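K.L.:
Quick check, what structure comes out for this input:
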Amino acid sequence: MEMMVTMAIMAIVGLAIGVVIVDGQTSWNTMYGRANSDVMTQGYAARKKLDAVVRGASRQRFMIANNGSWIEAYTFESDASTEVDRYWRFYESDGDLLAEYGTVSPRATLSVDTVCENVSECTFSQNGKAIQMTLTLDDGNQTNTIVSSVFAHNY
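P.N.:
Model prediction:
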């Protein structure tokens, strides 16, 4: 009888430990999937691209659409340039965040790169001297909203 009670207690304890281990693994898999999903990694890539462009842009010349749908930052082709001669335009099109790069005069597009996909909303604004991007990414399984602010460092 004592042996049966001991075996029952051990079975219950073993089952409880098994449930905790399985639940922990399931939770870890869920969190890993969220942290490394396309929505998260593309959001970080978009933030880094905007940060790199705006930090290198002239802080005296930015254009933002009245409705916040695009931003245009003006940059220098090289360190030897005395005036802004290149531009970057960020905008959303068909669920993609695009970065258009070109010359200012004559106005010509040199390249258009897809920064990220799964964009459900993207707006730009200026808050003081900072440029702010509010980007919402949605892949159908997960939604992620990123708010990024950056200052231009060049004249």
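
K.L.:
in the sheet, who's paired with T114?
P.N.:
Using DSSP bridges, the beta-bridge partners of T114 come out as L98.

K.L.:
next structured bit after the helix or strand hosting L15?
P.N.:
Element membership of L15, judged by DSSP states H and E, is helix 2-35. Using DSSP H and E, the helix or strand that follows helix 2-35 in sequence is helix 38-55.

K.L.:
Just the endpoints, please. Distance across stretch 65-73?
P.N.:
12 Å (Cα to Cα, to the nearest Å).

K.L.:
Name the residues of that stretch that come out as buried.
P.N.:
Neighbour counts over stretch 65-73 (16 or more other Cβ atoms under 10 Å) mark W70, I71, E72, A73 as buried. In this view, the C-beta of every residue, glycine as well, is placed from N, C-alpha and C.

K.L.:
Next: stretch 125-144.
P.N.:
Buried residues in stretch 125-144 (16+ other Cβ under 10 Å): I131, Q132, M133, L135, T136, L137, N144.

K.L.:
Take those residues and lay them out in CSV including distance to Q60, secondary structure and pLDDT.
P.N.:
Formatted as CSV, the buried residues of stretch 125-144 follow (distance: Cβ to Cβ, whole Å; DSSP: H, G, I helix; E, B strand; the rest coil; pLDDT from 0 to 100):
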residue, distance to Q60, secondary structure, pLDDT
I131, 13, strand, 90
Q132, 18, strand, 93
M133, 20, strand, 95
L135, 25, strand, 95
T136, 30, strand, 95
L137, 32, strand, 94
N144, 33, strand, 89
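
K.L.:
now, which of the residues you listed sits nearest D38?
P.N.:
Of all these, D38 sits closest to L137, with 8.1 Å by Cβ to Cβ.
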